[in-house]
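Participant: what's the 3D shape of this:
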Amino acid sequence: MNRLSAAAKSFNKVTHVIFDLDGLLLDTETIYTEATNNVVQHYGKTYTWEIKSQIMGLTGEEAAKHIVKLLDLPITWEEYYRLAHEQYKLLMPRAKFMPGAENLIKHLHRSKIPMAVATSSTKESADLKIAKYKDIFSLFNHMVMGGSDPDVKHGKPSPEIFLVCASRFEDSPAPEKCLVFEDAPNGVTAAKCAGMQCVMVPDNHITADQTSHATVVVKSLKDVKLEQFGLPSLK
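Facilitator: Numbers count the residues shown, from 1 in each chain. Down below sits the predicted model:
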């Protein structure tokens, strides 16, 4: 509590908000784990949290290469990628909003705060996840899908995706005017390297030292204090 109180003195006012997608707005991380294990168990392997924590935030291709290498799978990363996507198509339509996400999006929209999504997913993958919620996602100014966007050459923890995302707002705000919401350490690192403040909503498996570089850490999006960053208070 003291750490957050002290940090509050140095918070900068922001004008724009950027959200991650997986595990932050939509509860897809459990689905990713299930889908990955459905593939790797055929080779006698298990997709553990230790491995997952190393690839969160990476693009699909980068993640596939890491999984094949870390689990020593007897297939190419391209073959793994194909098998995994077959599983995603089956399971991703089950994805639901994380606690507080829908309310926060609607609140920022009503308050006329420009907001966007910066996800490491491909457009195909992101479209699959948000298909049931097009009305909510239509409230965003834009979405950057790092896995297939030609302007995003490197996945998180590179700051590239957040800088590209900021540049696509109509008024192209400076990085320090953007507030990022993330759930993964790689994503937080990317936001900080981009020169942006970052609110982290970590998975329960994430250790305290993996959250230390976030501007603020909260248990859920329902607990966000927007007024700390000069934004309209969440009702």
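
Participant: now whichever strand or helix holds residue 161: average pLDDT?
Facilitator: Using DSSP states H and E, residue 161 sits in helix 160-167. What helix 160-167 shows for mean pLDDT is 98.

Participant: and it, which residues are buried?
Facilitator: 160, 161, 162, 163, 164, 165, 166 (16 or more other Cβ atoms under 10 Å). Where you see a C-beta, it was placed from the backbone N, CA and C, and this is true even at glycine.

Participant: quick one: low-confidence parts of this protein?
Facilitator: Counting by pLDDT under 70, the chain contains low-confidence ranges at 1-9.

Participant: show me where it has helices.
Facilitator: In the chain, the helices defined using DSSP state H lie at 2-8, 29-40, 49-55, 60-70, 77-91, 101-110, 123-130, 134-137, 160-167, 185-193.

Participant: and this protein, what are its domain boundaries?
Facilitator: 2-27+96-223, 29-94 (automatic domain parsing).

Participant: let's have the helices of the chain in a markdown table, adding distance to residue 218.
Facilitator: Putting those into a markdown table (distance: least, Cβ to Cβ, whole Å) gives the following:
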| stretch | distance to residue 218 |
| --- | --- |
| helix 2-8 | 9 |
| helix 29-40 | 17 |
| helix 49-55 | 19 |
| helix 60-70 | 26 |
| helix 77-91 | 28 |
| helix 101-110 | 11 |
| helix 123-130 | 23 |
| helix 134-137 | 21 |
| helix 160-167 | 19 |
| helix 185-193 | 13 |
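
Participant: what about residue 61, how many residues nearby?
Facilitator: Using other Cβ atoms under 10 Å, residue 61 is surrounded by 15 other residues.

Participant: how close does it get to residue 55?
Facilitator: Relative to residue 55, residue 61 is positioned 11 Å away (Cβ to Cβ, to the nearest Å).

Participant: then residue 154?
Facilitator: Taking Cβ to Cβ, one finds residue 154 at 14 Å from residue 55.

Participant: residues contacting the nearest residue to residue 195 once chain neighbours are set aside?
Facilitator: The shortest distance from residue 195 to any non-neighbouring residue, by Cβ to Cβ, 6 or more residues apart in numbering, is to residue 175 (3.6 Å). Neighbour list for residue 175: 162, 163, 166, 194, 195, 196 [criterion: Cβ atoms under 8 Å, 6 or more residues apart in numbering].

Participant: quick one: the third one and residue 178 touch, right?
Facilitator: Right, the one you point to is residue 166. Yes - counting by Cβ atoms under 8 Å, residue 166 does reach residue 178; the two are 5.2 Å apart.

Participant: and for the two, which residues touch both?
Facilitator: Joint contacts of residue 166 and residue 178 (Cβ under 8 Å, 6+ apart) are 16, 18, 194, 196.

Participant: how many neighbouring residues does the last one have?
Facilitator: Around residue 196 sit 27 other residues, with neighbours defined as other Cβ under 10 Å.
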